[in-house]
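In: Take this sequence and fold it.
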Amino acid sequence: MKNSNVAFIGLGVMGYPMAGHLSNAGYSVKVYNRTLKKAHDWTQAYIGESCLTPGSAAQDSDYVFVCVGNDDDVRSVVYGSDGILANMKPGSMLVDHTTTSAELAIELAAACEQKGVLFVDAPVSGGQAGAENGALTIMCGGQPNAYDQVAPIMRSYGKQSKLMGENGQGQRAKMVNQICIAGVLKGLSEGLLLAQRSGLDIGELVDVLKHGAAGSWQMENRSLTMSKGEFDFGFAIDWMHKDLGICLDESRKLGITLPLTTTVDSEYQELQKRGLGCMDTSVLIKVYE
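Out: Okay, here's the model as predicted:
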């Protein structure tokens, strides 16, 4: 596998270190980013080649990984004469790490099949710290043979990956992930508000609660910063609003209601109006203060 040629499209806060892990693992890596300077900077930090178009990065690559912003961003790099798909060789594989709709995953799988290319939708969880530390959780949708091929490569930046079913199921698993995070943050925000008003020591409180049924990643990693009013890091609420919108769209297609998700999404929209869209999702606590 280490002699495989790989391409990484999208060098944001997640993609930049993920591509770096592939380079450090010994793969031959080509990168593309819409802001070309970011790709140039990446080549100064890691061994690899910067390309001018997604298509030139995809040429001769055995695996092409994408990690961009939303459905439209994915389509903009996949389709067209300078896009990924037109330049991929038969038998190669496209892996989309972007959090998107399940419909896009199904669409891409069909487009790839017509080109003789394998496809896996593989959204990730773990945030910037998880990407930098090579400790992401990866939820995959696709055919077992495709997943089995790419899983060893994804270990370069993932501590856990699992095939959840056919194409689209990786994205649906990510939707569940985001809904659960939203619920935890809502409960944590209200709990911390009560703790602060009651005069409890937040550090001591978390040290006790994290060992019980209330323990969570959000509690251990965000409680103290939330109590200090520190939100200038992590996963921005602009992106969380996008993700929760995908969850709500999916729920409508399934004929179910998600009242907590609807409430938290509306609260994030209120925070966006207050100019806090770039703040970490834990800024939700400001709704309740």
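In: what residues are up against residue 18?
Out: Residue 18 is in contact with 8, 65, 67, 97, 131, 136, 156, 157, counting by C-beta atoms under 8 Å, 6 or more residues apart in numbering. All C-beta atoms are positioned from the backbone trio N, CA, C, and that covers glycine.
In: Filter those down to the ones in helices?
Out: Those of those mapping onto helices are residue 131, per DSSP state H.
In: Show me which of the contacts of residue 18 is closest to residue 187.
Out: Of all those, residue 136 has the smallest distance to residue 187: 24.6 Å, by C-beta to C-beta.
In: I'd like the distance between that closest one and residue 209.
Out: 26 Å (C-beta to C-beta, to the nearest Å).
In: which of these two has more neighbours?
Out: The residue with the greater number of neighbours, taking residue 136 and residue 209 and applying other C-beta atoms under 10 Å, is residue 136; the counts read 26 against 18.
In: hey, what's the more buried one bridged with?
Out: On the basis of DSSP bridges, residue 136 is bridged to residue 158.
In: Surely it touches residue 130?
Out: Yes. Residue 136 lies in contact with residue 130 (C-beta atoms under 8 Å); the separation is 4.6 Å.
In: joint contacts of those two?
Out: Counting by C-beta under 8 Å, 6+ apart, the contacts common to residue 136 and residue 130 are residue 124.
In: Can you tell me what sits against the helix or strand hosting residue 261?
Out: For residue 261, the element it lies in under DSSP states H and E is helix 259-273. With contacts defined as C-beta under 8 Å, 6+ apart, helix 259-273 is touched by 179, 182-183, 185-186, 237-238, 240-241, 244-245, 247-248, 251, 277, 279, 281, 283-284, 286-287.
In: how does it look with 6 Å?
Out: 179, 182, 183, 186, 237, 241, 244, 247, 287 (C-beta atoms under 6 Å, 6 or more residues apart in numbering).
In: What distance do you get for the fourth one to residue 282?
Out: As defined by C-beta to C-beta, residue 186 lies at a distance of 11 Å from residue 282.
In: Could you do the second one as well?
Out: If you measure residue 182 against residue 282 using C-beta to C-beta, the figure is 11 Å.
In: Tell me the backbone dihedrals of the residue nearest the centre of the chain, please.
Out: The centre of the chain sits closest to residue 124, judged by C-alpha atoms, centre = their mean, with a distance of 4.2 Å. Note on residue 124: backbone dihedrals following degrees, to the nearest 10 are phi -120, psi 160.
In: Just give the nearest non-adjacent residue to it, would you?
Out: On the basis of C-beta to C-beta, 6 or more residues apart in numbering, the spatially nearest residue to residue 124 that is not a chain neighbour turns out to be residue 136, at 4.5 Å.
In: Could you list the low-pLDDT ranges of the protein?
Out: Under the criterion of pLDDT under 70, the regions of the chain flagged as low confidence span 1-2.
In: counting contacts, what elements does the top helix by length along it pack onto?
Out: Scanning the chain for the helix with the most residues, using DSSP H, yields helix 169-198. Using 3 or more C-beta pairs under 6 Å, 6 or more residues apart in numbering; DSSP states H and E as the contact criterion, the elements in contact with helix 169-198 are helix 102-114, strand 136-141, helix 217-228, helix 237-254, helix 259-273.
In: How about residues contacting stretch 232-242?
Out: By C-beta under 6 Å, 6+ apart, the residues outside stretch 232-242 that reach it are 70, 127, 268, 271, 277, 278, 280, 281.
In: Give me the buried positions along that stretch.
Out: Of the residues in stretch 232-242, 234, 235, 236, 237, 238, 239, 240, 241, 242 count as buried by neighbour count, 16 or more other C-beta atoms under 10 Å.
In: For the residue nearest to residue 251 when sequence neighbours are not counted, grab phi and psi.
Out: Using C-beta to C-beta, 6+ apart and skipping residues adjacent in sequence, the residue nearest residue 251 is residue 258, 4.8 Å away. The phi and psi values for residue 258, taken as degrees, to the nearest 10, are phi -130, psi 80.
In: How much space separates residue 258 from residue 185?
Out: Between residue 258 and residue 185 the distance is 15 Å, computed by C-beta to C-beta.
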